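J.: Need a 3D model of the sequence below.
(chains A and B)
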2 protein chains.
Amino acid sequence: MDPLFQTIKKYITLTPEEEMILTGLFERLPLKAGDYFLKEGKICRHVAFIEKGLLRYFINDDSGEKTVFFSRENEFVCNYQSFLPRVASTKNIQALEDTRLRIISYDNLQRLYREIREGERFGRMAIEEVFLMAILQLDSLYTDTPEARYRQFLDLYPDLVQRIPQYYIASYVGIKPPSLSRIRRRLSARP
Amino acid sequence: MDPLFQTIKKYITLTPEEEMILTGLFERLPLKAGDYFLKEGKICRHVAFIEKGLLRYFINDDSGEKTVFFSRENEFVCNYQSFLPRVASTKNIQALEDTRLRIISYDNLQRLYREIREGERFGRMAIEEVFLMAILQLDSLYTDTPEARYRQFLDLYPDLVQRIPQYYIASYVGIKPPSLSRIRRRLSARP
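T.: Now for the predicted structure:
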């Protein structure tokens, strides 16, 4: 089955007519590894569903790039801080692998909410899910040691540790690459 | 007008009949300063609307209490990490002032989503708003200095600096109280 419909059907039911409508609301966007889905300074004009591939969110600050989030297959990707109020993004979203996206514009998303019977319900539940992810990450930054944060990364993204360069993972954990190497050695030395 | 209805009407329209239904879905809960809306280890069984007062969210970890969020009048308060999957909370939510809440149970919230025409839409938009707050805070922890974080606190909560003890604000900013005092002296010395 179409992975986009499969993901939407985790939340709501779709009639065949609604699947037809949905198909028309999304476009396809292929990205090469290194391409940007969103650059800072631009308005994020789409929510994307990832059919295949992997993206990272990062912010440029005085001390360089800070990697703050990853999204991969069967997840949605968007900078809602830019998309919802339609203001310039302070964040970049870049493909780390060749990636296939299905993208929906702001206006088409409003049509989805209006024309799909349970569209609003889907929107509410999908946003609840990313909200819980954000809170988990936030709490972890307040309370966890870097080692605990790395272990949380392994729990949340067991499939990604081989796909993401170590220095991006270190940035996400909030430490320098040598500190991450020490943590990895310590964890691998444990029985 | 009823402040709860006023807040809901920022997002959706309500018929008089729907206001009647809503009134029955919420209960009143007064809290004294120091009382808990939620204690860690318990399941968060309600979303609350704050008619009057102020609450703080905190987590106990090895090094003590970490204050991670505040909510005040005309905002909703809930630990969605516990409420949505109905698991024990790792967080405490405590009233910092005498507080008047309107609370809605999980089951009644599902009724709100079903029985109010635009209930799902309201839920989607309300959760979008708290999600954006969480992301703002998350980005700030990754990229901002403590001084920038304190200034962000003043921007987000200009009314709260007089209502919240300094050591809770320091904890929210992620620093010790003496560091916050130095930042405050530095900021007040500026022309």
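
J.: any weak-confidence spans in chain A?
T.: Along chain A, segments meeting pLDDT under 70 span A:191.

J.: just the strands in it please.
T.: A:26-31, A:36-38, A:46-52, A:54-61, A:64-72, A:76-77, A:92-95, A:99-105 (DSSP state E).

J.: Is any residue of the third one near chain B?
T.: No. Using CB under 8 Å from any CB of the partner chain, strand A:46-52 never reaches chain B; the gap is at least 12.0 Å. Backbone N, C-alpha and C define where each C-beta goes, glycine included.

J.: Tell me the buried residues in that strand?
T.: For strand A:46-52, burial by neighbour count (16 or more other CB atoms under 10 Å in any protein chain shown) applies to A:46-51.

J.: Tell me the spacing between residue A:139 and chain B.
T.: 6 Å (CB to the nearest CB, to the nearest Å).

J.: now do residue A:151
T.: 15 Å.

J.: Which positions in chain A make contact with chain B?
T.: A:59, A:61, A:66, A:68, A:80-81, A:84, A:90-91, A:113, A:118, A:120-121, A:123-124, A:127-128, A:130-132, A:134-139, A:141-143, A:174.

J.: at 7 Å what do you get?
T.: A:59, A:61, A:66, A:68, A:80-81, A:84, A:120-121, A:123-124, A:127-128, A:130-132, A:134-135, A:137-139, A:141-143 (CB under 7 Å from any CB of the partner chain).

J.: In helices, which of these appear?
T.: Using DSSP state H, A:80-81, A:120-121, A:123-124, A:127-128, A:130-132, A:134-135, A:137-139, A:141-143 are the members of the residues of chain A next to chain B that sit in helices.

J.: for chain A, which residue is closest to the average position?
T.: Nearest residue to the geometric centre of chain A (CA atoms, centre = their mean): residue A:71, 3.1 Å.

J.: tell me which residues form a beta bridge with it?
T.: residue A:55 (DSSP bridges).

J.: Distance to residue B:3 for the strands of chain A - can I get that in a markdown table?
T.: Formatted as a markdown table, those follow (distance: least, CB to CB, whole Å):
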| stretch | distance to residue B:3 |
| --- | --- |
| strand A:26-31 | 40 |
| strand A:36-38 | 37 |
| strand A:46-52 | 32 |
| strand A:54-61 | 36 |
| strand A:64-72 | 35 |
| strand A:76-77 | 33 |
| strand A:92-95 | 38 |
| strand A:99-105 | 35 |
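
J.: Would you point to the one among these that's packed deepest?
T.: strand A:76-77 (a mean of 23; mean count of other CB atoms under 10 Å in any protein chain shown).

J.: Show residues contacting it.
T.: Outside strand A:76-77, the residues that touch it by CB atoms under 7 Å, 6 or more residues apart in numbering or on different chains are A:37, A:47-50, A:55, A:71, A:93, A:126.

J.: can you do 6 Å?
T.: Applying CB atoms under 6 Å, 6 or more residues apart in numbering or on different chains, the contact partners of strand A:76-77 are A:47-49, A:55, A:71.

J.: From those, pick the one nearest residue A:7.
T.: Using CB to CB, residue A:49 comes nearest to residue A:7 of the contacts of strand A:76-77, at 6.8 Å.

J.: now residue A:161: how far from residue A:23?
T.: Relative to residue A:23, residue A:161 is positioned 35 Å away (CB to CB, to the nearest Å).

J.: ok, now residue A:70?
T.: Separation of residue A:70 from residue A:23 (CB to CB): 28 Å.

J.: One more: residue A:184?
T.: 44 Å.

J.: out of the two, which sits in the busier spot?
T.: More crowded of residue A:184 and residue A:23, by other CB atoms under 10 Å in any protein chain shown: residue A:184, with 16 against 12.

J.: What count of nearby residues applies to the closest residue to the more buried one other than its chain neighbours?
T.: Leaving aside its sequence neighbours, residue A:184 sits nearest to residue A:150 (CB to CB, 6 or more residues apart in numbering or on different chains; 7.7 Å). Look at residue A:150: counted by other CB under 10 Å, it has 24 neighbours.

J.: from what I can see residue A:150 touches residue A:185, true?
T.: No. Residue A:150 lies out of contact with residue A:185 (CB atoms under 6 Å); the separation is 11.8 Å.

J.: Test of understanding: give the bridge partners of the closest residue to residue A:143 other than its chain neighbours.
T.: Nearest non-adjacent residue to residue A:143, counting by CB to CB, 6+ apart: residue B:61, 4.2 Å away. Beta-bridge partners for residue B:61, by DSSP bridges, are residue B:64.
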